[in-house]
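# I'd like to go over a predicted model; first the sequence, then the structure.
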There are 2 protein chains.
Amino acid sequence: MLTFDQVEAAQRRLVDRIHRTPVVTCRSFDDATGFHVFFKCENQQRAGSFKIRGALNKLLTLSAEERARGVVAYSSGNHGQGVALAAHMVGTTAVLCMPTDAPALKVAATRDYGAQIVFYDRQKDDREAMARKICADSGRVLVPPYDDYAVMAGQGTAALELLQDVPSLDALVGPVGGGGLMAGCATAATSLFPAIQIFGVEPDTANDTFLSFQKGERIRIPPPPTIADGVRVLMPGELTFPILKDKVIEILLVSDQEIVETLRFLLFRAKVLLEPTGAVAAAALFAGKVPLERGARVGVILSGGNVDPEPLAKIVQSR
Amino acid sequence: MLTFDQVEAAQRRLVDRIHRTPVVTCRSFDDATGFHVFFKCENQQRAGSFKIRGALNKLLTLSAEERARGVVAYSSGNHGQGVALAAHMVGTTAVLCMPTDAPALKVAATRDYGAQIVFYDRQKDDREAMARKICADSGRVLVPPYDDYAVMAGQGTAALELLQDVPSLDALVGPVGGGGLMAGCATAATSLFPAIQIFGVEPDTANDTFLSFQKGERIRIPPPPTIADGVRVLMPGELTFPILKDKVIEILLVSDQEIVETLRFLLFRAKVLLEPTGAVAAAALFAGKVPLERGARVGVILSGGNVDPEPLAKIVQSR
């Protein structure tokens, strides 16, 4: 079970180790949506996304002996960078399983944090099995990307900070991949403000949680082609799904086109750089898909900002 | 004369009308420079730069009768947008003198705020004379871009906010065009903390204030080609220069290349979008030109973020 106490304890562990990210408002986004929106800028978090919160909380809850054995994670993206940085911060080592076709910049960033990288073939290898084998062989501890209470509790500190800074929100909106971010954030938010409405947002091709909500049980989808690579997850987590089902009112869907338009609007108007996944939650508001009264006060998690120059240049110029 | 009281009074006038912009830190910028840097994000200010501070303060210090007559400004850039928005906010009208070759996006943004635009030919017309004639004919009040104490006091609120949020800075660094921003900021900062070191930064081709510091009097330069269009000023202001001479330790120079590299670093690492002018002050730190001890705590004004998609795409991809 995930409790508010765990999120609060995570906040005490993380304070002064990571950024308390700013909350930004943008008048033109408010004018465009009719809401009063407060953006929690996790794109400005250390390592460029909220992922350091969960990874570092997990590492800090291990015993000293476990921590000393080192950790393992599988991720070509933000979770990998979060685990690599967290391991560096607590003075242990990390092994990252990354696909052979991972962007060179992400490989370099992960190496910069001192992590060892083990490559796998996206077509042939089972990265999760590979990570578990490394753990079994080496005694290292696996840091799961979402299906872990310590990881969820860490992610929940993003909402906790936001609600400490802006205590009067009608709703909270965030992106849903495996569900770790929103499981933590929904737990924090509804514990503090039971009436707050929580919405999760997925790309319309990565709608595993949307479908699972409809069916009432976890549904697996084929690999989704969405531009939002941070939420290309095939199935909600075993531990995260019951929490989302309990606390999230509705899963909303946005198209890649809506994600890109929102990314561009927030870049040129709010002056914040997001990766496509980082714009998913805001896109639901920008596309008019969040069922709230005009004038509602809405918190939005901008989850990450790690985008490479070439895709960014394309997005900037697309029309 | 410009006093701290005027800056404080400006803050009381502006509060709740404009954004209290966030202060952002970026570990990788700190690692790269050896300083502990606090970025005051005026790129996230209303209308995209600090200029709304001075313009709105000026309009709010006019008598009701003067204000009702409307205002005039000459600017193809951020000052124009600031005046247009300020006029809209206080319920009066603005006439903006803009060059015939002003970017369509900037013309549109200024019109969106309800301003009337009068075009001038950059080669043939004297925009300042044109603005003064409109004032004489119509009874409108001129809002100068920098050489005005109410404008300077408004700009100084940027430093006042920064030092309220981060009261222990060793130095403050900001861009210098006409000098209004740094006259106001230096007055606020040195009044609160007499030992704080103030540095102004100019592009190396727009070095009018640098040369004027050397000579001890105001020097005029030919139109500078720098990419930082917000500080393409030919001569320091008559009123701003004595204040800068009194309070700014040194004017530092940066190249366009250094500006662009800093812009790109802060975009991809700190996730903030700056226009080239907005990166001028940070560039002095990034290029190692600020004579401070390692570990110094430095406030930096990121002055604006209004950049168009095409030039941004070019900057993003340049190497």
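Received the coordinates, thanks.
# what residues does chain A put near chain B?
By Cβ under 8 Å from any Cβ of the partner chain, the part of chain A that sits against chain B consists of A:19, A:22-27, A:41, A:43-44, A:46, A:48, A:264, A:267-268, A:270-274, A:305, A:307, A:309-310, A:312-313, A:316-317. The way it works is simple: take the backbone N, C-alpha and C, and place the C-beta from them, glycine included.
# among the residues you listed, which ones are buried?
Taking 16 or more other Cβ atoms under 10 Å in any protein chain shown as the criterion, what is buried in the residues of chain A next to chain B is A:19, A:22-27, A:41, A:43-44, A:46, A:48, A:264, A:267-268, A:270-274, A:305, A:307, A:309, A:312-313, A:316.
# how about the helices in the stretch 1-150 of chain A?
With DSSP state H, counting those that start in this stretch, the ranges of helices along the stretch 1-150 of chain A come out as A:4-14, A:27-33, A:51-61, A:64-69, A:78-90, A:104-112, A:127-138, A:149-165.
# do the same with the stretch 201-319 of chain A
A:208-215, A:240-247, A:256-265, A:280-286, A:309-317.
# show me what the lowest-mean-pLDDT helix or strand in chain A is packed against.
With mean pLDDT, DSSP states H and E as the measure, the helix or strand of chain A carrying the lowest mean pLDDT is helix A:104-112 (a mean of 84). Contacts defined by 3 or more Cβ pairs under 8 Å, 6 or more residues apart in numbering or on different chains; DSSP states H and E place helix A:104-112 against helix A:78-90, strand A:94-99, strand A:116-120.
# what would those look like in a markdown table with mean pLDDT?
Listed next are the helices and strands packed on helix A:104-112 as a markdown table, based on pLDDT from 0 to 100:
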| stretch | mean pLDDT |
| --- | --- |
| helix A:78-90 | 96 |
| strand A:94-99 | 93 |
| strand A:116-120 | 93 |
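# point out the most buried one among these.
Relative to the other members of these, helix A:78-90 carries the highest mean neighbour count by mean count of other Cβ atoms under 10 Å in any protein chain shown, namely a mean of 26.
# so what touches it?
A:17, A:46-56, A:58-60, A:67, A:70-71, A:73-75, A:93-94, A:96, A:98, A:106, A:109-110, A:113-115, A:143, A:145, A:230, A:304, A:306 (Cβ atoms under 8 Å, 6 or more residues apart in numbering or on different chains).
# filter these to the buried ones?
Of these, these count as buried by 16+ other Cβ under 10 Å: A:46-56, A:58-60, A:67, A:70-71, A:73-75, A:93-94, A:96, A:98, A:106, A:109-110, A:113, A:115, A:143, A:145, A:230, A:304, A:306.
# distance check, the residue lying farthest from the centre of chain A against residue B:294.
With distances taken from the mean C-alpha point of chain A and given as Cα atoms, centre = their mean, the most distant residue is residue A:137, at 29.4 Å. From residue A:137 across to residue B:294, the span is 43 Å (Cβ to Cβ, to the nearest Å).
# that older thread, which of the helices of the stretch 1-150 of chain A has the lowest average pLDDT?
Among the helices of the stretch 1-150 of chain A, helix A:104-112 has the lowest mean pLDDT, at a mean of 84.
# now do that one and strand A:94-99, the angle between them.
Regarding helix A:104-112 and strand A:94-99, their directions subtend 170 degrees when assessed with axes from the mean of the first three to the mean of the last three Cα atoms, to 10 degrees.
# follow-up on the earlier one: distance to residue B:2 added to the helices of the stretch 1-150 of chain A, as JSON lines?
As requested, the helices of the stretch 1-150 of chain A are arranged in JSON lines below (distance: least, Cβ to Cβ, whole Å):
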{"stretch": "helix A:4-14", "distance to residue B:2": "43"}
{"stretch": "helix A:27-33", "distance to residue B:2": "29"}
{"stretch": "helix A:51-61", "distance to residue B:2": "44"}
{"stretch": "helix A:64-69", "distance to residue B:2": "56"}
{"stretch": "helix A:78-90", "distance to residue B:2": "45"}
{"stretch": "helix A:104-112", "distance to residue B:2": "46"}
{"stretch": "helix A:127-138", "distance to residue B:2": "62"}
{"stretch": "helix A:149-165", "distance to residue B:2": "33"}
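# about what we covered before: nearest to residue B:250, out of the helices and strands packed on helix A:104-112?
For residue B:250, the closest of these is helix A:78-90, at 36.5 Å, according to Cβ to Cβ.
# got the angle between the closest one and strand A:116-120?
Computed by the same axes, to 10 degrees, the angle between helix A:78-90 and strand A:116-120 is 160 degrees.
# what angle separates helix A:78-90 from helix A:149-165?
Using the same axes, to 10 degrees, the interaxial angle of helix A:78-90 with respect to helix A:149-165 works out to 90 degrees.
# helix A:78-90 versus helix A:51-61: what angle between them?
Angle between the axes of helix A:78-90 and helix A:51-61 is 40 degrees (criterion: the same axes, to 10 degrees).
# surely residue A:281 touches residue A:299?
No. The pair residue A:281 and residue A:299 fails to qualify as a contact (Cβ atoms under 8 Å) at a distance of 9.5 Å.
# mutual contacts of the two, please.
Common neighbours of residue A:281 and residue A:299 (Cβ under 8 Å, 6+ apart) are residue A:173.
# of these two, which one has the most company?
In this view residue A:281 and residue A:299 are compared by other Cβ atoms under 10 Å in any protein chain shown, and residue A:281 has more residues nearby, 33 against 26.
# pLDDT value on that one, please?
Note for residue A:281: predicted pLDDT of 98.
# measure it to residue A:143 for me?
For residue A:281 relative to residue A:143 (Cβ to Cβ), the value is 24 Å.
# ditto for residue A:11
With distances taken as Cβ to Cβ, residue A:11 is found 19 Å from residue A:143.
# next one: residue A:164
According to Cβ to Cβ, residue A:164 and residue A:143 sit 26 Å apart.
# cool, and residue A:197?
In this structure, residue A:197 and residue A:143 are separated by 31 Å, where distance is defined by Cβ to Cβ.
# could you do residue A:184 as well?
Residue A:184 is 15 Å from residue A:143, by Cβ to Cβ.
# cool, and residue A:61?
Counting by Cβ to Cβ, the gap from residue A:61 to residue A:143 is 11 Å.
# repeat for residue A:103
The gap separating residue A:103 from residue A:143 is 21 Å, by Cβ to Cβ.
# understood, closing this out.
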